[in-house]
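>>> coords please:
(2 chains)
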Amino acid sequence: DAGVIQSPRHEVTEMGQEVTLRCKPISGHNSLFWYRQTMMRGLELLIYFNNNVPIDDSGMPEDRFSAKMPNASFSTLKIQPSEPRDSAVYFCASSLMAGAETQYFGPGTRLLVL
Amino acid sequence: DAKTTQPNSMESNEEEPVHLPCNHSTISGTDYIHWYRQLPSQGPEYVIHGLTSNVNNRMASLAIAEDRKSSTLILHRATLRDAAVYYCILREQGAQKLVFGQGTRLTINP
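Numbers count the residues shown, from 1 in each chain, chains lettered A, B, ... in the order given. Below is the predicted model:
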């Protein structure tokens, strides 16, 4: 099994640009999570989906952030426009089903906004 | 979300057992105790979880106090590859959210 796949692994962009992060969950997993990790705030849940439907987006910092899951094998997290304070590592995770015991994390996308 | 308290850092030697403590005095009856770890430059990975009884798997053991207000993650024989940040997380049965605290940074000396 390839595990959770995220792309790109590293992204450097300038303030004001649009950034799109991508995630492919483990095949057969029905729940997908987006987390953000910074030194100041640690690991935070941004949003999660069950069966491609967003369930809880209360962690999304502001309207500049949006996430979609058009099908069971693909999700995007978009930041438009990006700001330097968005610099962080963004992790995607998946689990077999809602309430499953284990979440499987991807390697993360390291974003730097200049 | 019920809160957990862990030491910021711990240090141990290779091939020795490591006991990582976690306090969760406000735990509710339906909260499971989960442990994840994050190796350098990687995403978190699941280690173990339990409710009331002690649990063992190939990675570690979880010892849960009788009153459930504390627990200990036990690595029986630490290797250099066990150097990571270890997170103790309370998660209500059926809930999906994982709320990560600051964790314990474990250093393993050769």
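>>> C-alpha from now on. contacts and neighbour counts both.
Will do.
>>> for chain B, which residues are neighbours of chain A?
B:41-46, B:93-102 (Cα under 8 Å from any Cα of the partner chain).
>>> how about a cut-off of 7 Å?
Counting by Cα under 7 Å from any Cα of the partner chain, chain B comes close to chain A at B:42-46, B:94-96, B:100, B:102.
>>> how many residues are close by the residue in chain A that chain B sits nearest to?
Nearest residue of chain A to chain B (Cα to the nearest Cα) works out as residue A:99 at 4.4 Å. Using other Cα atoms under 10 Å in any protein chain shown as the criterion, residue A:99 is surrounded by 17 other residues.
>>> mind telling me what element it is part of?
Taking DSSP states H and E as the definition, one finds residue A:99 inside no helix or strand.
>>> can the residues of chain B next to chain A go into JSON lines with extra columns for secondary structure, neighbour count and pLDDT?
Shown next, in JSON lines, are the residues of chain B next to chain A (DSSP: H, G, I helix; E, B strand; the rest coil; neighbours: other Cα atoms under 10 Å in any protein chain shown; pLDDT from 0 to 100):
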{"residue": "B:42", "secondary structure": "coil", "neighbour count": "14", "pLDDT": "96"}
{"residue": "B:43", "secondary structure": "coil", "neighbour count": "21", "pLDDT": "97"}
{"residue": "B:44", "secondary structure": "coil", "neighbour count": "25", "pLDDT": "97"}
{"residue": "B:45", "secondary structure": "strand", "neighbour count": "19", "pLDDT": "97"}
{"residue": "B:46", "secondary structure": "strand", "neighbour count": "18", "pLDDT": "96"}
{"residue": "B:94", "secondary structure": "coil", "neighbour count": "13", "pLDDT": "82"}
{"residue": "B:95", "secondary structure": "coil", "neighbour count": "13", "pLDDT": "86"}
{"residue": "B:96", "secondary structure": "coil", "neighbour count": "21", "pLDDT": "88"}
{"residue": "B:100", "secondary structure": "coil", "neighbour count": "19", "pLDDT": "94"}
{"residue": "B:102", "secondary structure": "coil", "neighbour count": "18", "pLDDT": "94"}
